[in-house]
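# mind folding the following:
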Amino acid sequence: MVNKKLIFENGKSFLGTGFGADVNTVKEAVFNTSMVGYQEIFSDPSYFGQIVCMTYPLIGNYGITDEDYETPRPFLGGFIVREYNNSPSNYKCTKTLEEDLKEYNIPGISFVDTRQITKMIRDEGSIRVLLTSSDTTLDEGLSILKKSKKITNQTRNVSCKKKWRSCTANFKYTVVVLDCGVKLSVIKSLVKRKCNVIVVPYNTSSEEILKLNPNGLLISNGPGDPRDNLKVIEVIKNLQGKISIFGICLGHQLIALANGAEIYKMKFGHHGGNHPVKEISTDKIEITSQNHSYAVKKESLKNTKIFLTHVNLLDDAVEGIEIKNENVFSVQYHPESSPGPQDSSYLFDRFIGKL
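Purely as a prediction, here's the structure:
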């Protein structure tokens with residue numbers, strides 16, 4: 001273990017103990033309020049370009065298991081934790097979190113005040129941070145932060161490079177997934193419902209998608225500013241009304257943009273497994289898993305053909321939309337995660353019902 005330091009753009013710094021890869025990095029800092037699931041967070045492509053501060057104090061205690069990865073290769077920028085446990089207790093464990101972090105050159109820092117860091121991000125908003133060696137001075141760190149470039153067009157970094165398939169016996173439907181950073185649990189949810197899934201890169205054209213003869217199109221989750229993804233927005237415009245379309249997280253925001261709505265960056269985003277969402281038509285409440293820093297402007301839905309279906313009960317954020325006559329709908333949260341007593345996976349059944 002080596003001493004490491006966090007230096008934030010606002011001039012605050014925290015000294016701690018490093019784990020994982022011994023590298024320096026500049027990333028946007030966000031906090032996640034989930035009590036379990038650090039492996040799913042670690043392997044979620046939507047965290048590309050971000051370092052995650054975990055509010056739950058003990059991380060690493062059940063190690064890493066082979067079946068719980070969300071992607072073959074993780075893209076997380078780094079971990080900030082209160083206490084790291086490198087002696088996991090779990091009969092399914094195949095390696096420690098630190099071993100995985102080292103393998104993929106991802107740094108972590110422990111024994112810092114994650115409560116104070118979380119409150120700082122909550123009060124001041126998401127902020128860039130340098131994770132560096134303990135001997136880096138504050139002035140040096142602030143200079144590095146000032147010179148570092150902000151990441152744009154993040155989808156191209158996490159999308160697959162070529163088409164691939166996940167199939168099932170006695171399939172009923174073919175679904176194309178436009179990979180903006182898709183999680184494997186999304187694909188498993190479709191395969192479970194007798195779909196042959198064809199995953200294609202984010203920059204695949206609408207003509208190429210139609211050549212695959214799909215029954216439906218899923219626009220996946222992913223990282224970054226949705227307004228960078230002009231090609232995906234164009235695909236949605238071209239295919240809307242021709243085949244059923246379902247959007248998740250980033251896909252939700254892209255569907256909104258394609259239909260005239262506006263996007264804004266949230267103060268600190270939604271990152272965690274405990275967000276209450278209400279479906280307006282039924283008044284039912286779901287406890288949802290979320291991971292996004294951008295959202296759809298509710299007021300911008302006026303004078304569009306977008307129909308609001310779900311809202312967040314904490315801040316009234318837009319959580320679901322629908323274009324009723326064109327078999328297009330989307331949600332901001334992750335229906336494949338199902339962290340609460342109300343299972344959100346019914347949304348996949350709703351999508352299948354439109355095919």
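# wasn't residue 244 part of a helix?
No: Residue 244 sits outside any helix when classified using DSSP: H, G, I helix; E, B strand; the rest coil, being strand.
# and it, what does it touch?
215, 216, 217, 327, 328, 351, 354, 355 (CB atoms under 8 Å, 6 or more residues apart in numbering). No exception for glycine: its C-beta is placed from N, CA and C like everyone else's.
# could you report the pLDDT at the third one?
We note a pLDDT of 98 for residue 217 in this prediction.
# now do the same for it: helix, strand or coil?
Here residue 217 is strand, with the state taken from three-state DSSP.
# does it touch residue 238 like I think?
No: counting by CB atoms under 8 Å, residue 217 sits too far from residue 238 to count as a contact (10.7 Å).
# rewinding a little: I'd like the contacts of residue 244 as CSV, with neighbour count appended.
Output for the contacts of residue 244, formatted as CSV (neighbours: other CB atoms under 10 Å):
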residue, neighbour count
215, 16
216, 20
217, 27
327, 19
328, 26
351, 26
354, 14
355, 17
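# determine which two of these are furthest apart.
Maximum pairwise distance among these (CB to CB): 14.2 Å, between 215 and 328.
# which one of the contacts of residue 244 is nearest residue 60?
The closest of these to residue 60 turns out to be residue 351 (CB to CB; 35.8 Å).
# give me the element that closest one is part of.
Following DSSP states H and E, one finds residue 351 within helix 346-353.
# which elements pack onto that helix?
In this structure, helix 346-353 packs against strand 244-248, strand 328-331, with contacts taken as 3 or more CB pairs under 8 Å, 6 or more residues apart in numbering; DSSP states H and E.
# out of the ones you listed, flag the one nearest residue 128.
Closest to residue 128 of those is strand 244-248 (CB to CB; 26.9 Å).
# tilt between the helix or strand following the closest one and strand 244-248?
As assigned by DSSP H and E, the chain's next helix or strand after strand 244-248 is helix 250-258. Relative orientation of helix 250-258 and strand 244-248, computed by axes from the mean of the first three to the mean of the last three CA atoms, to 10 degrees: 120 degrees.
# distance from the next helix or strand after helix 250-258 to the middle of the chain?
Next along the chain after helix 250-258, taking DSSP H and E as the criterion, comes strand 263-279. For strand 263-279, the separation from the chain centroid amounts to 11 Å (computed by CA atoms, centre = their mean, to the nearest Å).
# mind listing what's buried along strand 263-279?
263, 268, 269, 270, 271, 272, 273, 275, 277, 278, 279 (16 or more other CB atoms under 10 Å).
# what bridges to the fourth one?
With DSSP bridges as the criterion, residue 270 is bridged to residue 292.
# tell me the pLDDT of it.
Looking at residue 270, its pLDDT reads 97.
# which residues touch the closest residue to residue 250 other than its chain neighbours?
Spatial nearest neighbour of residue 250, excluding adjacent residues (CB to CB, 6 or more residues apart in numbering): residue 222 at 4.1 Å. Taking CB under 8 Å, 6+ apart as the criterion, residue 222 is in contact with 45-46, 154-155, 158-159, 180-182, 202, 249-251.
# again, but for residue 33
By CB under 8 Å, 6+ apart, the residues touching residue 33 are 55, 56, 271, 272, 273, 274.
# you'd agree the fifth one is up against residue 40?
It refers to residue 273. No: taking CB under 8 Å as the definition, residue 273 is not a contact partner of residue 40, at 9.3 Å.
# who touches both of these two?
Joint contacts of residue 273 and residue 40 (CB under 8 Å, 6+ apart) are residue 337.
# quick one, strands of the stretch 101-250 of the chain?
For the stretch 101-250 of the chain, the strands defined by DSSP state E, counting those that start in this stretch cover 107-110, 127-133, 164-166, 173-179, 195-201, 216-219, 244-248.
# got the contact list for the third one?
Contact partners of strand 164-166, identified using CB under 8 Å, 6+ apart, comprise 187, 188, 190, 191, 196, 197, 198, 199.
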